[in-house]
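Sharing a model that was predicted from the sequence below.
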Amino acid sequence: MPDHPVWVSCLDFFQESLPPQQFNSWIKPLTFDIVGSQIVLTAPNSFALKLIQERFLSVISQRAESLLPFVPTIELKVGKKRIPTTQQTTPETSILPTAPCEASSPKSQKEFGKLNPTLCFDHFVTGKANQLAHAAAIQVADTPGSVYNPLFIYGGVGLGKTHLLQAIGNQIKSNSPKAKVCYIHATNYVSDWVKAVQTKRFDEFKQFYNSLDLLLIDDIQFIADKAGTQQEFFYTLNTLTEAHKQVVITCDTFPKEISGIEPRLTSRFSWGLTVAVDPPNVEMRVAILLQKASQSKMSLGEDVAFFIAKHVRSNIRELEGALKRVEAFSRFHRRPISVEVAKDALKDLLASQNKQVSIDNIQKTVADFYRIKVADLLSKKRTRNITRPRQMAMLLARELTPFSLPEIGAAFGDRDHSTVLYACRTIELLKRSNSITNAEYNTLSQSLRN
Ligand SMILES: Nc1ncnc2c1ncn2[C@@H]1O[C@H](COP(=O)(O)OP(=O)(O)OP(=O)(O)O)[C@@H](O)[C@H]1O
């Protein structure tokens, strides 16, 4: 799988940090495969294998952990480099665990996935941004099926929804080891259902999901526009909640804002408790960095944590990625971690931030283009001639600035993050169906980038 995102990221890193001769001799000849939750690296000979193990394995493993939603094991072996023929999985599905469920899934009785034990409550840092979601998750984990059912957790990318979901699963598993728990990403739920339809194994599918004690379903927005799957999920949700079996759902947006999902289902999502996870403020980002560092036994001063937290604001996944980058850089260059090392390790990110367009600039450019006032973009006016430019400006702000959805919303007259998300989706859809919107977007985007 030469173009698997993990391997592409490793190749980028090594190409940047190693002299070309070393890169060509040691890294290029490797073959990278991923099978379930195991990465298999094949080196051309035992000498190369030993060298990879001693010098490069830790970076490969760190990159893999930061990109995959599970902690992979890595096997090194000697063999010939394979010339890839066909792509086995799409990059999107290949970074998901192949066997998502803790309980045996209907796909195959042999496929056992695992909850990731590191995604537990002890490793979850709380703050104003996630206090309510955290408290609700703890309560659900302590008394499943009896308080908030379903628990619906929503928020932007990389803000800890999966972490909370898995923490609930881990806690329930530890309290009741026999509980039948299933963690599944919505895309896998969809493909399980499609397979059940194709192979006419509906009963097996239904029986499996309806017999669970706990269903954890991640990123439910991915069942949008899949009518059959939605109907089936509606029945499962009803069956489980009526039997006081717990269901926890995560989503990138508030139930009513999800497009492409039947209203009876979105309304059902809100029957239990709906809680948000918001982007962390700088103090919380520092606390997360210190916690991640201590978890991986890395020595990180508060000054360095503050420096990273100040510059990486988009989400917690990016924050973790930056920390791993600093650590890898310090190891490679044998320099102890300091603010200077962090500056060097994150220089690309810092440079791209300097080049970034400001939200003010986007608002001014968009207002001039559509011959309206910036004040209109920030106002409560909802006429089409103002709404569309506002939505366009929000999408451009999302694409061209590092600001989070709530930060963009705040810059557009104190709007909610879900309004920004809705705006981005609307323009993205319009770009596909309407050539004028598409041309306007391209013109604005290019003029802002230059
Ligand atoms: N409050 C937190 N404390 C510690 N680590 C956190 C916290 N929130 C998120 N993380 C870490 O950040 C990373 C991304 O979090 P997670 O995968 O849960 O995000 P998500 O909201 O599910 O994102 P997506 O929408 O992309 O699925 C994970 O490694 C997770 O452990």
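Nice, I can see it.

what's around the residue in the chain that the ligand sits nearest to, how many residues?
Closest approach between the chain and the ligand, counting by CB to the nearest ligand atom: Gly160, at 2.6 Å. (C-beta placed from N, C-alpha, C; glycine too.) Applying other CB atoms under 10 Å, we find 26 residues neighbouring Gly160.

quick one: it from Phe121, how far?
To Phe121, Gly160 is 11 Å away according to CB to CB, to the nearest Å.

picking up where we left off before, burial of the residue lying closest to the residue of the chain closest to the ligand once chain neighbours are set aside, as a residue count?
The shortest distance from Gly160 to any non-neighbouring residue, by CB to CB, 6 or more residues apart in numbering, is to Val277 (5.4 Å). Val277 has 22 neighbours, counted by other CB under 10 Å.

for Asp122, same thing?
Asp122, neighbours per other CB under 10 Å, totals 10.

So for it, what's the pLDDT?
Looking at Asp122, its pLDDT is 94.

Tell me how this structure divides into domains.
For the chain, automatic domain parsing gives the domain ranges 5-90, 96-277, 282-355, 359-449.

Pull up the residues of the stretch 251-400 of the chain that are close to the ligand.
Contacts of the stretch 251-400 of the chain with the ligand, taken as CB under 6 Å from any ligand atom, map to 252, 288, 316-317, 320.

mind putting those residues in CSV, pLDDT, neighbour count and distance to Arg201 included?
Below are these laid out as CSV (pLDDT from 0 to 100; neighbours: other CB atoms under 10 Å; distance: CB to CB, whole Å):
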residue, pLDDT, neighbour count, distance to Arg201
Asp252, 86, 20, 31
Ile288, 96, 22, 43
Ile316, 91, 24, 39
Arg317, 88, 16, 36
Glu320, 92, 18, 39
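
how about Asn361, what does it touch?
By CB atoms under 8 Å, 6 or more residues apart in numbering, the contact list for Asn361 reads Leu448.

Now the element after the helix-or-strand element of the chain with minimal mean pLDDT, going C-ward?
With mean pLDDT, DSSP states H and E as the measure, the helix or strand of the chain carrying the lowest mean pLDDT is helix 91-94 (a mean of 27). Elements were assigned by DSSP states H and E; along the chain past helix 91-94, the next helix or strand is helix 131-142.

That next one near the ligand anywhere?
No: residues of helix 131-142 are not located near the ligand by CB under 6 Å from any ligand atom, the shortest gap being 7.7 Å.

continuing past that helix, what's the next helix or strand?
That would be, after helix 131-142 and using DSSP H and E, strand 151-155.

hmm, who's touching that following strand?
Residues lying outside strand 151-155 but in contact with it, judged by CB under 8 Å, 6+ apart, are 133, 136-137, 140, 161, 164-165, 168, 246-255, 269-270, 272-278.

just the buried members of those?
By neighbour count, with 16 or more other CB atoms under 10 Å, those hold 133, 136-137, 140, 161, 164-165, 168, 246-255, 269, 272-278 as buried.

Mind checking which of those land in strands?
246-251, 273-277 (DSSP state E).

residue boundaries of the strands in the protein?
Using DSSP E, the strands of the chain run over 31-35, 38-43, 73-78, 151-155, 181-185, 214-218, 246-251, 273-277.

Quick one: closest of the ones you listed to Phe369.
strand 151-155 (31.8 Å; CB to CB).

Give me the angle between that closest one and helix 131-142.
Per axes from the mean of the first three to the mean of the last three CA atoms, to 10 degrees, the angle that strand 151-155 makes with helix 131-142 is 150 degrees.

Alpha carbons only: can I get strand 151-155 in CSV?
What follows is strand 151-155, C-alpha atoms only, in CSV (Å, rounded to 0.1, in the frame of the first residue of the first chain):
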residue,chain,number,x,y,z
LEU,A,151,-26.4,10.1,24.4
PHE,A,152,-25.6,12.2,21.4
ILE,A,153,-22.2,13.9,21.4
TYR,A,154,-21.5,16.5,18.7
GLY,A,155,-18.7,18.8,17.8
